[in-house]
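In: sequence first, predicted coordinates after that:
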Amino acid sequence: MKAKHSEFARGLPRSASQASIFFFCGPDEAGASAAADKIIAALPDAGERIELSGGDLKRDPALLGDEARSGSLFGDKRHILARVTGEEAHDALKALIETSDSGAGDAAPILVIATSATDKSRTAKLLEKRPDALVTMFHPPDLGSVAGAVRSMADAAGLRLGGDLAERIARSAGLDVRLAQSEVDKLALYLDASSQTPKSATPEDLAAIGAPTEDDGFAPLVNAVLGGELGKLPSELRRMKELGINPVGLLLALERRAGQLTQITAKLGPRGNFDNLGKGEKAQLGVFWKEEREIRQQLGRWPARKLGRLIPRLAALHQSLLANSQAAELLLAQDLTQIARFAAKR
């Protein structure tokens, strides 16, 4: 089965309840991750989460089926979340399907977030006609769609957003639905709102919770790292520590920029030139005039082959930060230094 990414902005597609394998692909990794979170939250008993990487599945295609059909340590339910690049999950999913069709037994729900894959990929073709699988491609978000998603989040949280407040939250989150959800949750907590006791939110309330934007400090560090500017990096890392910049928020900003560079690279093709893009094309790619110089420089540092290595590394780092919140700042600083050194290499 296939579903449109817009269906997840309104909730869950009807077809989601029939599926046990979910393949979320496309350039909007944030949207795919948010959809996976919605699927997991809707499971009757999500149980233990088993996380696998594309490298794990590529090295051992049988691992997916083994994990999906194994019980947890305490005999509880489990679900599998795999973050992969391109076709890394194809062989593992094919093996799982073949063994399931031959009577190997029930498997836990499996969610695959596939960066750099599309709904035309071999993996998508393998799954899209199966009644127990759901394929969705997540396209780069625009302000209108993210603002609509913010309104849906607010309705669920018992918040009434007046005027252009949903758009302001969407902008402040850099069109990242995960950050937008975090802001809605903080706003609901601040106002003590719930679905039983809804409250109206004002711009003053949003200002009071300190909704972060990249201009609050993310952009200079993102540009130093992805631009391979090793001379600027020490002072930017020191500023991160002094200002108490949120490590996960900063990493999300890095992930968004890496995804944007991937999208631009795909648009340009092997012989394209960034400077030949028209204003309308740049706007569609989320490139604004004040960022053009940095993006042009970063495109030179990150050809497609290097981006293919960067994005799964950022995804793995994201999981490490969530699992080691107390050491998140140190872990992030170490990885950012290595990424900046990699960017600096010609």
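Out: Yep, that arrived. Residues are numbered from 1 along each chain as shown.

In: drop to CA atoms for contacts and neighbour counts, all remaining ones
Out: Noted.

In: what stretches of the stretch 101-250 of the chain score poorly on pLDDT?
Out: For the stretch 101-250 of the chain, the stretches with pLDDT under 70 are 174, 210-217.

In: all strands for it, in order.
Out: With DSSP state E, counting those that start in this stretch, the ranges of strands along the stretch 101-250 of the chain come out as 110-115, 133-137, 159-161, 199-201.

In: how far does the longest helix seen in the chain sit from its chain's centre?
Out: Ordering each helix of the chain by length in residues (DSSP state H) puts helix 247-268 first. Its chain's C-alpha centre and that of helix 247-268 lie 10 Å apart, by Cα atoms, centre = their mean, to the nearest Å.

In: who touches it?
Out: 27-30, 174, 176, 179, 214, 218-219, 222, 274, 285-286, 295, 298-299, 302-304, 307, 310-311, 314-315, 318, 321-322, 328-329, 332 (Cα atoms under 8 Å, 6 or more residues apart in numbering).

In: pull out the buried residues from the residues you listed.
Out: The neighbour-count test (16 or more other Cα atoms under 10 Å) marks 27-30, 174, 176, 179, 214, 218-219, 222, 274, 285-286, 295, 298-299, 302, 304, 307, 310-311, 314-315, 318, 321, 328-329, 332 as buried among these.

In: and residue 63, which of the three is it?
Out: Secondary structure for residue 63, judged by DSSP: H, G, I helix; E, B strand; the rest coil, is helix.

In: need the contact list for it.
Out: Residue 63 makes contact with 56, 57, 92, according to Cα under 8 Å, 6+ apart.

In: and the angle from the lengthiest strand in the chain to strand 110-115?
Out: Counting residues, the longest strand found in the chain (DSSP state E) is strand 78-85. With axes from the mean of the first three to the mean of the last three Cα atoms, to 10 degrees as the basis, strand 78-85 and strand 110-115 are set at 20 degrees to each other.

In: list the buried residues of strand 78-85.
Out: Buried residues in strand 78-85 (16+ other Cα under 10 Å): 78, 79, 80, 81, 82, 83, 84, 85.

In: will you turn the residues you listed into a markdown table that also has pLDDT and distance to residue 253?
Out: Listed next are those as a markdown table, based on pLDDT from 0 to 100; distance: Cα to Cα, whole Å:
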| residue | pLDDT | distance to residue 253 |
| --- | --- | --- |
| 78 | 88 | 30 |
| 79 | 92 | 28 |
| 80 | 93 | 26 |
| 81 | 92 | 22 |
| 82 | 92 | 22 |
| 83 | 88 | 18 |
| 84 | 89 | 20 |
| 85 | 86 | 19 |
